[in-house]
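Engineer: Predicted model, plus sequence, below.
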Amino acid sequence: MSKNYFSFIDPAKSPIFYGYVILVIGTIGIYFSIPGQTIGVSVFTDPVKDALGLSRNQFSNAYMIGTICSSLVIGRAGVWFDRYGARYVAFFAALTLSGALMLCSWSVRMSEFMKHLLKLDTWLVPFVLMALLFFVLRFSGQGVLTMASRNLIMIWFDKNRGKVNAISSVAISFGFSSSPLWVNALIEGYSWQITWQILAVALLFFAILILIFYKNRPEEHGLLPDGEPKKTESDPEHLPLAKQYTAKEAQRTRAFWMYALILAFNSFFITGLTFHVVSVFASEGFPKEDAISIFLPASVVAVTVSLIFNFLSDYLHLKLYLYLMILGGIMASVGFLFLSSVVGIPLLIGGFGILGGFFAVLNAIVWPRFYGRTHLGAITGKVMSFLILASALAPSIFSLCFSTFDTYRPLGYLGLGFLLFLALASVKANNPQ
């Protein structure tokens, strides 16, 4: 079956290498996943939980259950990516995310209707409803749309993968870090219901752009990655790697687990902190404004790290990046532990930024470089399941820690212990190629 039905643009006739069009539209695709990301959901936490009559713990647990369920099935989306290509997978993900956001905007009315229908006036009704909506939101947004868009960019480039990822990462970092500000402005200006509806309509329009501009592989259009000249019949087949690993083969290498675990730590720490950032800072005596203000300087650090090390990634070993990311995690954990001290916030912002910067590099570059492009969907789908699971557990674990100990600090000690283990276990995490 052709993967290019409804195609109005021929990449082979593009005046510039079409990979650069893919770079722009794929980056926009990742940006459009914000409503399904923690940073996009967190701004809605307080008004939505209050409107539904849920406590912070109940809302966090609904988020956790929905996200865990998403992590269990996201691997299937990776298989779909390898089979059907980024174009259709991203298109249906955008449509699904749009529908989920529209339903979220009606969540209070749906909850009241179900309570009336079932003759049950209990918190379980909005709890189950939000768990289901979070499942769809996280699966389609954080999971499928992000994975398909990022993999698409990586497939269109090989030798210039690091440089291209640098451009994409800078745009995404600024986009993500600024999103709580403009989403919050929309909520305060129009209400949380209208804001979700605005995002839903925007995603519908973007789904059409996906159908027009997303193209699965350069080879399907007589092109090669990076815009290299087409090989003649006498030339050897263009294969950038010696071996194209399957997902199962990749999982038998130590590198797969070490890189996946540090990326998962980033998802856990950043998600937990972002989700409860106001509460975390309030527990140490800081106002809401101070809590929200950490995102911009952290994004500047993340963008700087991402820009420099993406460009250098075409020339350096990625194990160095792995250890630098672990160092960033240690800085963030120490800053988290000593938040109220003079060095607490600078360390937290610096570590937060370093983690985010290297996450943007490694999550895109390591998988095609280490394991090839052929089964990239299945491999990244498996990694994505770890990342989503970590982000699912984070809000509830942060919330449980605070309700049990009346402080978030024990999580800092747990983070340091995990990072030291990872540093020791990664000594032999070499590129399997």
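Structural biologist: Received it, and whenever you're ready, just let me know what you need. Computed from a predicted model, the values in this text were never measured in an experiment.
Engineer: can you give me the helices for the stretch 1-150 of the chain?
Structural biologist: Along the stretch 1-150 of the chain, the segments classed as helices by DSSP state H, counting those that start in this stretch run 19-31, 38-41, 45-52, 56-84, 86-105, 107-118, 124-137, 146-155.
Engineer: Can you list the buried residues in stretch 13-26?
Structural biologist: Neighbour counts using 16 or more other Cβ atoms under 10 Å place Ser14, Phe17, Tyr18, Gly19, Val21, Ile22, Leu23, Ile25, Gly26 of stretch 13-26 among the buried residues. From N, CA and C alone the C-beta is placed, and that goes for glycine too.
Engineer: ok so, going back, out of the helices of the stretch 1-150 of the chain, deepest packed?
Structural biologist: helix 146-155 (a mean of 27; mean count of other Cβ atoms under 10 Å).
Engineer: which residues are in contact with that helix?
Structural biologist: Helix 146-155 is contacted by residues 22-23, 26-27, 29-30, 33, 37, 74, 77-78, 81, 86, 89-90, 93, 161, 164-165, 168, 214, 216-218, 225, 363-365, 367-368, 373, 376-377, 380-381, 384 when judged by Cβ atoms under 8 Å, 6 or more residues apart in numbering.
Engineer: just stretch 174-193 next, same as before
Structural biologist: Contacts for stretch 174-193 (Cβ under 8 Å, 6+ apart): 31, 34, 37, 39-40, 42-44, 47-48, 51, 105-106, 108, 194-195, 198, 292, 295-296, 298-299, 302-303.
Engineer: what's the neighbour count on Gly372?
Structural biologist: Using other Cβ atoms under 10 Å, Gly372 has 21 other residues around it.
Engineer: And the pLDDT at it?
Structural biologist: Per-residue confidence at Gly372 stands at 88 (pLDDT).
Engineer: same question, Ile28
Structural biologist: Model confidence at Ile28, expressed as pLDDT, equals 96.
Engineer: again with Ala86
Structural biologist: Per the predicted model, pLDDT is 91 at Ala86.
Engineer: ok so, going back, which among the helices of the stretch 1-150 of the chain is found nearest to Gly344?
Structural biologist: Of all these, it is helix 38-41 that lies closest to Gly344, at 21.7 Å by Cβ to Cβ.
Engineer: which intervals of the stretch 201-350 of the chain have sub-threshold pLDDT?
Structural biologist: Residues of the stretch 201-350 of the chain that meet the criterion pLDDT under 70 lie in 230-242.
Engineer: all helices of it, in order?
Structural biologist: Under DSSP H, counting those that start in this stretch, the stretch 201-350 of the chain gives helices at 247-250, 254-275, 277-283, 288-292, 295-312, 318-337, 344-371.
Engineer: Determine which of those helices approaches Leu129 most closely.
Structural biologist: Nearest to Leu129 among the helices of the stretch 201-350 of the chain is helix 254-275; the distance by Cβ to Cβ comes to 19.3 Å.
Engineer: Can you give me every residue that contacts the nearest residue to Leu416 once chain neighbours are set aside?
Structural biologist: Nearest non-adjacent residue to Leu416, counting by Cβ to Cβ, 6 or more residues apart in numbering: Ser333, 4.9 Å away. Neighbour list for Ser333: Phe269, Gly351, Gly412, Gly415, Leu416, Leu419 [criterion: Cβ under 8 Å, 6+ apart].
Engineer: For the last one, what are phi and psi?
Structural biologist: For Leu419, the backbone dihedrals (degrees, to the nearest 10) come out as phi -70, psi -40.
Engineer: Distance of the residue nearest to it when sequence neighbours are not counted relative to Gly189?
Structural biologist: Closest residue in space to Leu419, ignoring its immediate chain neighbours: Gly329 at 4.8 Å, by Cβ to Cβ, 6+ apart. Distance from Gly329 to Gly189, counting by Cβ to Cβ, to the nearest Å: 37 Å.
Engineer: higher neighbour count, those two?
Structural biologist: Neighbours around Gly329 and Gly189, counted as other Cβ under 10 Å, are more numerous at Gly329. The numbers are 25 against 9.
Engineer: Which one of the helices of the stretch 1-150 of the chain lies nearest to Leu273?
Structural biologist: When the helices of the stretch 1-150 of the chain are compared by Cβ to Cβ, helix 38-41 sits nearest Leu273, at 9.6 Å.
Engineer: ok, back up a step: possible to save the helices of the stretch 201-350 of the chain as TSV with distance to Ile208?
Structural biologist: TSV is the format used below for those (distance: least, Cβ to Cβ, whole Å):
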stretch	distance to Ile208
helix 247-250	32
helix 254-275	30
helix 277-283	35
helix 288-292	34
helix 295-312	30
helix 318-337	37
helix 344-371	26
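Engineer: quick one, which of those helices is nearest to Leu117?
Structural biologist: Leu117 lies closest, by Cβ to Cβ, to one member of the helices of the stretch 201-350 of the chain: helix 254-275, at 31.3 Å.
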